[in-house]
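Q: Need coordinates for the following:
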Amino acid sequence: MPIGLNPRSGLQLVFGKACPQTAGDVSAKGFESLITLDQLCWLATAAYALHVLEEYIFDWKSWASDAPRLWCDWPAFYLSRSVVVVLGIVAAQLAPQTPNLALCFPGLLVAEATFGHMLPAVRNRGQFPPGLLTSVLLFYPLGFLSYRTVFQTGLLTRLAFVTSLAGGALLAALPLLFLKLRATTYFLPIKKR
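A: Predicted coordinates for the structure are as follows:
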């Protein structure tokens, strides 16, 4: 294929930095032959699927129903979990060309692990919130390794780091924000107003 027709040829700019041409160029030093950011995003997507399984098996729904101030529309909750898996697939596909944008997915995992599982465990004096195991054993290590991988290429700026964590936190909070907005008068169907 001529160079001009190759979608991976040339450089793109993300957060003011030039991105590598191939996924192999976005690998942590010492891990070049072992793992790349796109592979980490695929692993993070699989970790999220295991996280959903853990929440289901340990009955997150009942735990959340007992938690004060936590209301959830369960079909929307399960649909949002499916959307996160799709976001992981998108991140894995974007990682070779736009690693800093793809980092929003590991940022989402870190935000969900911290605000959705670690803080509730601390607030409830160590009571196990379903999803804590995969958060600690998978989300934090994969998040750390993803950021380290991009950092070691020299592409991770402070702005990109903060933006990807904030973007991940926003993506993690978006379903709850939509549920809160849906309950306001402005978003009610006309018949219910």
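
Q: Can you name the element that comes right after the host helix or strand of Ala64?
A: Assessed by DSSP states H and E, Ala64 sits inside helix 60-66. Where DSSP H and E defines the elements, the next helix or strand beyond helix 60-66 is helix 74-94.

Q: Okay, buried residues for that next one please.
A: Across helix 74-94, burial judged by 16 or more other C-beta atoms under 10 Å covers Phe77, Ser80, Arg81, Val84, Leu87, Gly88, Val90, Ala91, Ala92, Leu94. Glycine gets a C-beta too; all of them are placed from N, C-alpha and C.

Q: Packing partners of it?
A: Here helix 74-94 touches helix 37-57, helix 99-102, helix 104-111, helix 158-182, going by 3 or more C-beta pairs under 8 Å, 6 or more residues apart in numbering; DSSP states H and E.

Q: Quick check: phi and psi on Ile35?
A: Dihedral pair for Ile35: phi -150, psi 150, per degrees, to the nearest 10.

Q: Measure how buried Phe187 is and give me the count.
A: A count of nearby residues for Phe187, using other C-beta atoms under 10 Å, gives 10.

Q: I misspoke; the intended subject was Tyr140.
A: Applying other C-beta under 10 Å, we find 17 residues neighbouring Tyr140.

Q: Next one, pLDDT for it please.
A: We have a pLDDT of 97 for Tyr140.

Q: Next: Pro75.
A: Listed pLDDT for Pro75 reads 80.

Q: Adjust the sequence numbering to begin at 396 for everything that follows.
A: Okay, using 396 as the starting number, the last item reads as Pro470.

Q: Would you mind measuring from it to His446?
A: Distance, Pro470 to His446, using C-beta to C-beta, to the nearest Å: 19 Å.

Q: Next: Ala508.
A: 9 Å.

Q: hey, what's in contact with both of the two?
A: Any residue near both Ala508 and His446 by C-beta atoms under 8 Å, 6 or more residues apart in numbering counts here, and that gives Ser530, Phe534.

Q: more crowded one of these two?
A: A direct count of neighbours by other C-beta under 10 Å for Ala508 and His446 places His446 higher, at 27 against 23.

Q: who touches the more buried one in this structure?
A: Gly526, Thr529, Ser530, Leu533, Phe534.

Q: Could I get the average pLDDT for stretch 506-524?
A: Averaging pLDDT along stretch 506-524 gives 90.
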